[in-house]
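1. Sequence and predicted model, in that order:
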Amino acid sequence: MSKWNKWLWGGLGWAFGGPIGGIIGFAIGALSEGKEEISGKGGKTLPGDFGSALLILCGALMKADKQVTRAELDYVKQFFVRQFGVDYTRERMLLFREILKQDYSVGEVCRQIQRNMDYASRLELLHLLFGLARADGTIHSQELSFLESTAGQLGIKLPDFASIKAMFVKDPAASYRVLEIDPSATDTEVKRAYRKMAVKYHPDKVHHLGPDFQKDAEDKFKKISDAYEDICKERGMA
């Protein structure tokens, strides 16, 4: 059990008070014969809480089309390697395989996340889920339906969902949707929207999640800057 202590027992605050704790606890129980007492502590989201929520929602996303294939597992593995490194991935995949064997209510999990996780962290969670859905080169209709439903249950506002979706589903107006504005916006409105989004998605908003998740936060922030630069080039803005 010692290898799980740092990431789970030491990090989990609110998760063990609800369905997330039950799912993670059952998965760990399947991986170890040892038993260890745990208790919820409350407080703001910690890396362990966020990581647990991510694994559980990744599992639900993969099962959105009623089947889990070896290819999908490989995609998940590579996704985690790219985002968080080999050491993180090795242990988390063992846990993830046990989570995939369980049936659980996504709605209950999302309600627990919404009650206990700050909004910036929920946006980060949705961005990571979109990245997983896009890992095979396209986001399928079942995956998009799951992401839209999950975002609603997480309390993500519609403009924020559309912004993150536009980072992965490209069309001629995608850059404007990333900034949550219409193509008819004035240059002044474009600049104002960029400043607003740069504040909303700044990596410092989720620094409390730890360095493992900073890479994705920085990637999300870069997409905001890229969208703004694309609009500037299109309009010839200085």
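-> Structure's in. What do you need? Numbering: from 1, shown residues only.
2. so where is this structure shaky, pLDDT-wise?
-> Applying pLDDT under 70 to the chain flags the ranges 1-17, 31-48.
3. Check the spacing between residue 131 and residue 236 real quick.
-> When Cβ to Cβ, to the nearest Å is the yardstick, residue 131 and residue 236 sit 32 Å from each other. All C-beta spots, glycine's among them, are computed from the backbone N, C-alpha and C.
4. and the two? which has more neighbours close in?
-> More neighbours sit around residue 131 than around the other of residue 131 and residue 236, counting by other Cβ atoms under 10 Å; the figures are 18 against 7.
5. what's the spacing between the more buried one and residue 115?
-> Taking Cβ to Cβ as the measure, residue 131 falls 25 Å from residue 115.
6. How about residue 139?
-> Using Cβ to Cβ, which is the criterion applied here, residue 139 is 28 Å from residue 115.
7. which of those two has more neighbours?
-> Counting neighbours by other Cβ under 10 Å for residue 139 and for residue 115 shows that residue 139 has the greater number, 17 against 11.
8. Count the residues that sit near residue 218.
-> When neighbours are counted by other Cβ under 10 Å, residue 218 registers 13.
9. who touches it in this structure?
-> If you count contacts by Cβ atoms under 8 Å, 6 or more residues apart in numbering, residue 218 has them with residue 203.
10. helix or strand for it, which one?
-> helix 214-235 (DSSP states H and E).
11. cool, residue 131 as well?
-> Secondary structure assigned from DSSP H and E places residue 131 in helix 119-133.
12. Buried ones in that helix, by neighbour count?
-> By neighbour count, and taking 16 or more other Cβ atoms under 10 Å as the criterion, the buried residues in helix 119-133 are 120-133.
13. Format those as a markdown table; extra columns: distance to residue 75.
-> As requested, the buried residues of helix 119-133 are arranged in a markdown table below (distance: Cβ to Cβ, whole Å):
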| residue | distance to residue 75 |
| --- | --- |
| 120 | 26 |
| 121 | 24 |
| 122 | 23 |
| 123 | 23 |
| 124 | 20 |
| 125 | 18 |
| 126 | 18 |
| 127 | 17 |
| 128 | 13 |
| 129 | 13 |
| 130 | 14 |
| 131 | 11 |
| 132 | 7 |
| 133 | 10 |
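14. Buried residues of stretch 89-106, list them for me.
-> Buried residues in stretch 89-106, counted by 16+ other Cβ under 10 Å: 89, 92, 95, 96, 97, 98, 99, 100, 104, 106.
15. before we move on, what about stretch 19-35?
-> Neighbour-count burial for stretch 19-35 flags 19, 20, 21, 22, 23, 24, 27, 28 (criterion: 16+ other Cβ under 10 Å).
16. on that earlier part again, and the helix holding residue 131 with helix 214-235, angle?
-> The directions of helix 119-133 and helix 214-235 differ by 80 degrees, with axes from the mean of the first three to the mean of the last three Cα atoms, to 10 degrees as the criterion.
17. gap between helix 119-133 and the chain center?
-> Per Cα atoms, centre = their mean, to the nearest Å, the displacement of helix 119-133 from the mean C-alpha position of its chain is 3 Å.
18. going forward, begin numbering at 840 instead of 1
-> OK, 840 is where the count begins now, so the last one is helix 958-972.
19. so after that helix, what's the next helix or strand?
-> With elements assigned by DSSP H and E, the helix or strand that comes after helix 958-972 is helix 980-992.
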